[in-house]
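Trainee: Fold the following and give me the result.
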Amino acid sequence: DIKKGELIFQDKPVIVLAVDTEGRPLDPEFMTSLKEQLESLPAEAKLQYYKLKTRGCGSNEILELFESNSTIKQYFRKGKETNTSVLHLNIALLNHSCAPNATHCGLKPKEHDGYEDQCIELRAIKYIRKGEDITTCYFNDVKDIGCIPRKRKTVLKAKYGFDCKCPVCLGQVPGQEKTVKKLIDLHKKLNPTPSDWKKEAGLRSRIVDLTMELTIGHPHEKITALNSLMRFAHLARDKDLVKKAMDRAK
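Mentor: Down below sits the predicted model:
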């Protein structure tokens, strides 16, 4: 069994590629480097790599997609403070759930073999029983997916190439759609150039309440909502809302 907050594993990149700020290859020997790094992987890691799929394509097609200057966002991540695109193989092999039980975040980069080692750690955000599938959420903003289950499944199918059968999409987690709809409506009321800080802080306080109710979505959304509330509560000089944001963030 894995307790909430427990470290599940740390994952180092198995492939590091030079790219520009748009994710396009920098080195003329880009494909040679990719193929050499693939060939140098341990046998088990190489087998796992070829299990990866993107938009219904296998890993052999990933090579062709890179040759056409296409960024494989599902698997390769932009390196921090350096023009690199990196693959964390163990993280990439995790299954998706709209109501995940784990999340991953980057650690402070450190020098490793001439490049910054972009290590990622995976932690449990819920109690996970022995034998239970460990999952993460592939999308970053639940509002972009929408509040209608059919639409969400269609978006996931188009973007990632699979039919989502997580507890939410199977209808086993009730009440999520209504909460997402309320969140979308509240975000529409936010002023992009606010002047009434008290009003904006109040809206963000309600957004925090709804976001914290959600089981669906990426945990980062809760952090974003709390940071936004804290900022606007300070601007509104509202000590109670500042305290609320800090208490909920603990």
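Trainee: can we go C-alpha only for contacts and neighbour counts from here?
Mentor: Noted.
Trainee: what about the nearest residue to residue 165 once chain neighbours are set aside, how many residues close to it?
Mentor: Using C-alpha to C-alpha, 6 or more residues apart in numbering and skipping the chain neighbours, the partner closest in space to residue 165 is residue 97 (7.9 Å). A count of nearby residues for residue 97, using other C-alpha atoms under 10 Å, gives 24.
Trainee: How about residue 84?
Mentor: The number of residues near residue 84, taken as other C-alpha under 10 Å, comes to 24.
Trainee: Assign a three-state SS to the closest residue to it other than its chain neighbours, would you?
Mentor: Once flanking residues are discounted, residue 84 sits nearest to residue 18: 4.6 Å by C-alpha to C-alpha, 6+ apart. What DSSP: H, G, I helix; E, B strand; the rest coil gives for residue 18 is strand.
Trainee: do the one 10 residues further on as well
Mentor: Taken by three-state DSSP, the conformation at residue 28 corresponds to coil.
Trainee: what's the answer for residue 170, then?
Mentor: Applying three-state DSSP: residue 170 is coil.
Trainee: For it, give its distance to residue 99.
Mentor: 11 Å (C-alpha to C-alpha, to the nearest Å).
Trainee: what does residue 188 give?
Mentor: Distance from residue 188 to residue 99, by C-alpha to C-alpha: 24 Å.
Trainee: Mind checking which of those two has more residues around it?
Mentor: residue 99 (21 against 9).
Trainee: How is the residue lying closest to the more buried one once chain neighbours are set aside classified with respect to secondary structure?
Mentor: In space, residue 99 comes closest to residue 216 once its chain neighbours are excluded; the distance is 4.3 Å by C-alpha to C-alpha, 6+ apart. The three-state label given to residue 216 by three-state DSSP is coil.
Trainee: Give me the neighbour count for residue 147.
Mentor: Count around residue 147 with other C-alpha under 10 Å applied: 19.
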